[in-house]
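Participant: give me a model of this one.
(chains A and B)
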Amino acid sequence: METKEEIRARFAPSPTGKVHIGNIRAAIYNWLFARHTGGKFLLRVEDTDLERSTPEAIEALFECMKWLGLDWDEEVFYQTKNIQRHLECVEKLLSSGRAYKIEKTSRDGKTGIVTMFRMPKEGTIEFDDIVKGHMAKKAEDIQDFAIVRSDGSPIFHIANVVDDIDQRVTHIIRGDDHVENTFKHIEIFKALGAPVPRYAHLSMIVNRQGKPYSKRDGAAFVGEYRDAGYLPDALFNYLLLLGWNPGGDREVISRDEAAKLFDLEKVHVTAAMFDPKKLQWMNGEYIKRMPAAAFKEEVKKAAAGYGEANHTEEWWDSLSSQLQTRTKFLKDLHESVRPFFDGEYPFEQAAVEKRLAKPGVKELLLDLAARFESAPDWNAPALEAIVKELSQGGGMGPWVHPVRVATSGRGEGIGLFEMLELLGRDATLRRMRDAAGKYAL
RNA sequence: GGCCCCAUCGUCUAUCGGCUAGGACACGAGCUUUUCAUGCUUGGUAGAGGAGUUCGACUCUCCUUGGGGCUGCCA
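Facilitator: Numbers count the residues shown, from 1 in each chain, chains lettered A, B, ... in the order given. Predicted coordinates:
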């Protein structure tokens, strides 16, 4: 009886300081596959490019993984620590005749001895890709290729395969750009007497022109989305949908649910175009679905530094519930929360011109301030009743707009009367009168 | 050039031979509304082209066209 093989998937980026969204999608699919199957998700750092693989770059990679909730199993595997093994395996290939040394001249004109891997000269190499299906290629169509440089350092092909053997990787889920390499790598696995893992090649994320999405097309790195205020779960969900869906019409899918439903076989073969608009929508969905308490914490965080007002929890609850449906990005909170606190707040030029710098507005504000002052209760319904009475059944716009700009400096925000309630009587009256003097005609 | 892969609304996609081709984003209209949103209702837009298989093809086969990938002492 054969014991059931443990599934081991891996994400093996070379750290460059920034993690590309296409790359992280591969990480997401690996993670999902491992979590779905109950297998292991391994992280291997292919840090053989000493120039770029700085400690900072590696740290940035970890950070990005953590931000997206991509926790890995076992210790991080560093490719540079396995160079001895790579070279040992090359020796084996050399002695079995599957590798040979030859003098070559590189593109930049330097001549030296490199070690080449010998491909078979006839027959076909084939494998069943979990997403692309059956793949076959005539051996004669693939050239022998270098595995050790003239300076003695192992090249990607051998390092990658040996590491996969040593990490006992059973499933290789990676970018489409590696399909051709797969035919080569399969031969190395065989030549080394190792079992050939299963492969799944993911299509690329492309731009409007159908070319691989790059930094020229917009934000291409995970860090940029974090800095722009995207929620990690929203990015995760959006990237997940770019090439896979659970069937039916479900779109907003939690990480756990995705892990439950994920199926590599249903991953699309076709390239997917990146749509920032839909990502933005997805982010809004996640903000709307945030637990109220969590959102309130974000509001408080955004307000930190605007002066210490002793607001009650009810006050914060009210503010944050008003804000939650109108917030597209958490980082916008810092600005939208500003008028609710004492101290300077900016007046938007356009809003001032449109709503305050008009004849009659000064009297209107002063008159309304007086009426507000004698309001029996300071709450939204009471204030609304006052304006409603003034408007005599017509629209409340002529009163509402100037008051909003006068008290917040901006043309938009949460419901006006809710805002005034939160602002309180003193601040509201003071601001209305100040603005009447400063800006209104 | 050679080899490999791909092809449904503008975009992401559902469909696994029966389709009046469904959903989401984006866009338009409307309702709700003090603003901005949310919410609700609603509109338009798709199977690259050509053969074949079949009672029946978006779904299967072939060709054409178009797109992408690879073709390094990069990964």
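Participant: count of residues packed around the closest residue to A:L441 other than its chain neighbours?
Facilitator: Leaving aside its sequence neighbours, A:L441 sits nearest to A:P359 (Cβ to Cβ, 6 or more residues apart in numbering; 5.0 Å). Placement of C-beta: from N, CA and C, glycine included. Using other Cβ atoms under 10 Å, A:P359 has 8 neighbouring residues.
Participant: just A:H201 next, same as before
Facilitator: Neighbours of A:H201 under the rule other Cβ under 10 Å: 21.
Participant: confirm it sits in a strand?
Facilitator: Yes. Assessed with DSSP: H, G, I helix; E, B strand; the rest coil, A:H201 lies in a strand.
Participant: I'd say it and A:E180 touch.
Facilitator: No. Counting by Cβ atoms under 8 Å, A:H201 does not reach A:E180; the two are 10.2 Å apart.
Participant: so how far is A:R174 from A:V267?
Facilitator: A:V267 sits 12 Å away from A:R174, going by Cβ to Cβ, to the nearest Å.
Participant: likewise A:L368?
Facilitator: Counting by Cβ to Cβ, the gap from A:L368 to A:R174 is 65 Å.
Participant: what about these two, which has more around it?
Facilitator: A:R174 (24 against 21).
Participant: so, low pLDDT: which residues of the stretch 1-150 of chain A?
Facilitator: For the stretch 1-150 of chain A, applying pLDDT under 70 flags the ranges A:1-4.
Participant: which residues of it fall in strands?
Facilitator: Counting by DSSP state E, counting those that start in this stretch, the stretch 1-150 of chain A has strands at residues A:8-11, A:40-45, A:77-78, A:99-105, A:111-117, A:124-129, A:133-138, A:145-148.
Participant: what lies in contact with the second one?
Facilitator: The one in question is strand A:40-45. Residues outside strand A:40-45 that contact it (Cβ atoms under 8 Å, 6 or more residues apart in numbering) are A:6-15, A:30-31, A:34-35, A:53, A:58, A:61, A:65, A:70-74, A:76-79, A:163, A:167, A:169.
Participant: again, but for the third one
Facilitator: Applying Cβ under 8 Å, 6+ apart, the set of residues contacting strand A:77-78 from outside is A:42-45, A:47, A:163, A:166-167.
Participant: that one vs RNA strand B: in contact?
Facilitator: No. Interface with RNA strand B: strand A:77-78 contributes nothing (Cβ under 7 Å from any atom of the strand), its closest point being 12.3 Å away.
Participant: so how far is that strand from its chain's centroid?
Facilitator: The chain centre lies 24 Å from the centre of strand A:77-78; the measure is Cα atoms, centre = their mean, to the nearest Å.
Participant: which strands border that strand, and is each parallel or antiparallel?
Facilitator: If you go by DSSP bridges, strand A:77-78 pairs up with strand A:40-45 (parallel).
Participant: helix, strand or coil for the residue nearest to A:L441?
Facilitator: Reduced to three states by three-state DSSP, A:P359 is coil.
Participant: distance of it from A:S254?
Facilitator: Separation of A:P359 from A:S254 (Cβ to Cβ) stands at 55 Å.
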